Structures are given as structure tokens and as C-alpha cells.
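1. predicted model follows, preceded by the sequence.
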Amino acid sequence: MFARKEKPRKREGFIKRLRARLNRGDSWLTYDLANLAPGGKIDESVLEELEALLVMADVGVETTERIISNLQKRLARKELKDIEALRSGLGSSLREILAPVEQPLSIPQAEGPFVILMVGVNGAGKTTTIGKMARRFKDEGYSVMLAAGDTFRAAAVEQLQAWGDRNDVPVIAQQAGADPAAVIFDAWQAARARGIDILLADTAGRLQSQTGLMDELAKVKRVIARRDESAPHEIMLVLDASQGQNALVQAEKFHAALGLTGITVTKLDGTAKGGILLAIADKLNVPVRYIGIGEAAEDMQPFSADEFVDALLATGGPEN
């Protein structure tokens, strides 16, 4: 177990593509800050307009207030002398919020499989994320197994098996309607017997308001922990960035029910409102493991606070 561990090279151009896909649409992400202060003077009225833009971009009221408060202090110290100073100050405030959640997923050497329980609502891109993660882990030299714990949708099992075939990794599945906890437990036993490094367990997509289904997730967690008290080692929530503030509500509910250890934010290519990542980081402080901007495996990369902020504040198009 745990043989070669070579981290794959980040595909050149990912950040350029992130900028290009974030920076479209009429939102603060593409807004030329010079438009806020045509005369070049930065004052309270400029910060008020920026505040409105941040709220509309799904940064959230409380997080926006924190950002604007930091900028007001800079203004009082006469540090915001021009647009570039405003851009620099805004970037510093954003990095201050995002840096603490920049924590790449680390797989420690241990006996038994490293279990990653994947959770989220329908349509967030959970199964696709599992497939991308399986590809990434294999490229890093790990052996991987998938568990088809979404037994409510036959299509979910088929989709996971397709990813298994594509990545040449085994998939443990049962008939539709089987107990998800039993499926994932069987997969854990199979992974342990075969000396598999990482077990990626899919679960049924559910709304955070569905108490019974949330209880089912808690049951899955308990069943795995009976045989390995440290498992699941990662409980990862997959969030759709285009859901805006509802994504924050989802994250809060799942975190309260399960104790999230990681978040992956998908579909940043489908929204100009990447500000929701700031709200989630500020409110929950749960590590953001990956961000996704497209369907290809290389379109999901580990989250970098600096790169994300640079993409948000890029001007003059994606080449900058």
C-alpha cells in the first residue's frame, strides 16, 4: 500500500481559464474598479458602492461588512490614495478570509483504506467530482476503489461505474434500494482485503432539509467508525457555486449534521458570482480542497487562495 506518490503537474493554463470563466457577466468580478471612482478619488461613497457590488456577488452581508470595515480603516489612514491602492487593499482583505481554508487534502500512510465520504445535494456534481478525484489519486500513485452508496437512483450507480471503467478502478455496488450503509461497509471490507489506499464513497444527493436522509448519512458514518474509529477520514461536501447563498445554507446544515472536513466547489464556470466561496470560508472555516471550472478531469484543481483572488481581481481580460 501507499507506493509511488508523485503529485501531478497542475495543467498550465488552469488559472488563465479560471480567470476567463469567472470574469464574464456583469458582476463585481469583472467590474473595472475605476468605474467606481471616475475622478480617481477614493472616499466613503466609493466604498458604499463596492459594498453593494460585493453583496450582489453572493459574498454575503456579514462577510462584506468585514471586507468594507478593513477598507474603511485603510481609508482613515489615508492609504487608499488611488484605484490601485483600493485594488491592493481589497485583495489583501480577500486573501485574509480565504488563506485559512487553503488546506490541500493530504493522505497519510496508514493501515486500511483512507475513507472519503462524499455528500451534497442533487445536481451539485458529486459523482463527477468523485470521478475526477479518482483520476487525480491514481495519477499520484494511489490505488482507489469507489463505493456506489447512492442506491436511490439507478443512474447514479451507472454513472459511478462509468467513471470506474474510465479510470480503471473497481466499483462496489448493490441492487437499487439497498441500504447505503451496508454498501459502503462492504466496500470498506473489500478495500481493506485488497490493500486499497483510498475508498471514495458516493451517497445519495439530498436536500439539507431532508432530516431522514441526513440521519442516513449519520448512520453511514457510524457504521464505518465501528470497524475503523478514525473513519471516515474525510467528509467532503460538494457545492454548486451557482447556487449562491443557498450553497452557504447547505454547507451550514451539512456541517452541523456531520462535521465536514472538506469542501469542493464546482461549476465556477457557470457563474460570475464566485463570491460565495468567500462567504463559506468566512462563516465555516472548513478547508476548501478543490475548485472546479469544467467537465474535464484537469478542470478540477486544489484550491489556492492567492490564485483565486488574482482571478477575481484580474482586469483587461483573461490574459492578465
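-> Everything's here; your move.

2. shouldn't residue 59 be in contact with residue 275?
-> Yes. Residue 59 lies in contact with residue 275 (C-beta atoms under 8 Å); the separation is 3.9 Å. The way it works is simple: take the backbone N, C-alpha and C, and place the C-beta from them, glycine included.

3. residues near residue 53, how many?
-> Here the count is done by other C-beta atoms under 10 Å, and residue 53 has 17 residues near it.

4. centroid residue for the protein?
-> residue 264 (1.9 Å; C-alpha atoms, centre = their mean).

5. and that one, what element?
-> strand 262-266 (DSSP states H and E).

6. return the list of strands paired to that strand, each annotated with direction.
-> Here strand 262-266 is paired, per DSSP bridges, with strand 234-240 (parallel), strand 288-292 (parallel).

7. export the ones you listed to CSV and tack on distance to residue 54, mean pLDDT and mean neighbour count?
-> Converted to CSV, these look like this (distance: least, C-beta to C-beta, whole Å; pLDDT from 0 to 100; neighbours: other C-beta atoms under 10 Å):
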stretch, distance to residue 54, mean pLDDT, mean neighbour count
strand 234-240, 19, 96, 25
strand 288-292, 19, 95, 24
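
8. ok, now which ones touch residue 110?
-> The contact partners of residue 110, by C-beta atoms under 8 Å, 6 or more residues apart in numbering, come to residue 230.

9. next, it: secondary structure please.
-> Three-state call for residue 110 (DSSP: H, G, I helix; E, B strand; the rest coil): coil.

10. for it, give its distance to residue 196.
-> Going from residue 110 to residue 196 by C-beta to C-beta, to the nearest Å gives 12 Å.

11. past the worst-scoring helix or strand of the chain on mean pLDDT, which element shows up next along the chain?
-> Sorting the helices and strands of the chain by mean pLDDT, DSSP states H and E puts helix 14-22 at the bottom, at a mean of 74. Next helix or strand after helix 14-22 toward the C-terminus (DSSP H and E): helix 44-56.

12. just checking, what packs against that next one?
-> helix 61-76, helix 83-98 (3 or more C-beta pairs under 8 Å, 6 or more residues apart in numbering; DSSP states H and E).

13. how about a cut-off of 6 Å?
-> Applying 3 or more C-beta pairs under 6 Å, 6 or more residues apart in numbering; DSSP states H and E, one finds that helix 44-56 contacts helix 61-76.

14. other residues contacting the helix it packs on?
-> With contact meaning C-beta atoms under 6 Å, 6 or more residues apart in numbering, helix 61-76 is reached by 47, 51, 54-55, 80, 89, 93, 278-279, 282.

15. output these in CSV; the columns should cover distance to residue 177, pLDDT and neighbour count.
-> CSV is the format used below for the contacts of helix 61-76 (distance: C-beta to C-beta, whole Å; pLDDT from 0 to 100; neighbours: other C-beta atoms under 10 Å):
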residue, distance to residue 177, pLDDT, neighbour count
47, 56, 94, 19
51, 50, 92, 18
54, 46, 88, 23
55, 44, 87, 18
80, 60, 92, 25
89, 56, 94, 19
93, 50, 96, 20
278, 40, 94, 26
279, 37, 94, 24
282, 40, 96, 21
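
16. between which two of the residues you listed is the distance greatest?
-> 80 and 279 (23.8 Å; C-beta to C-beta).
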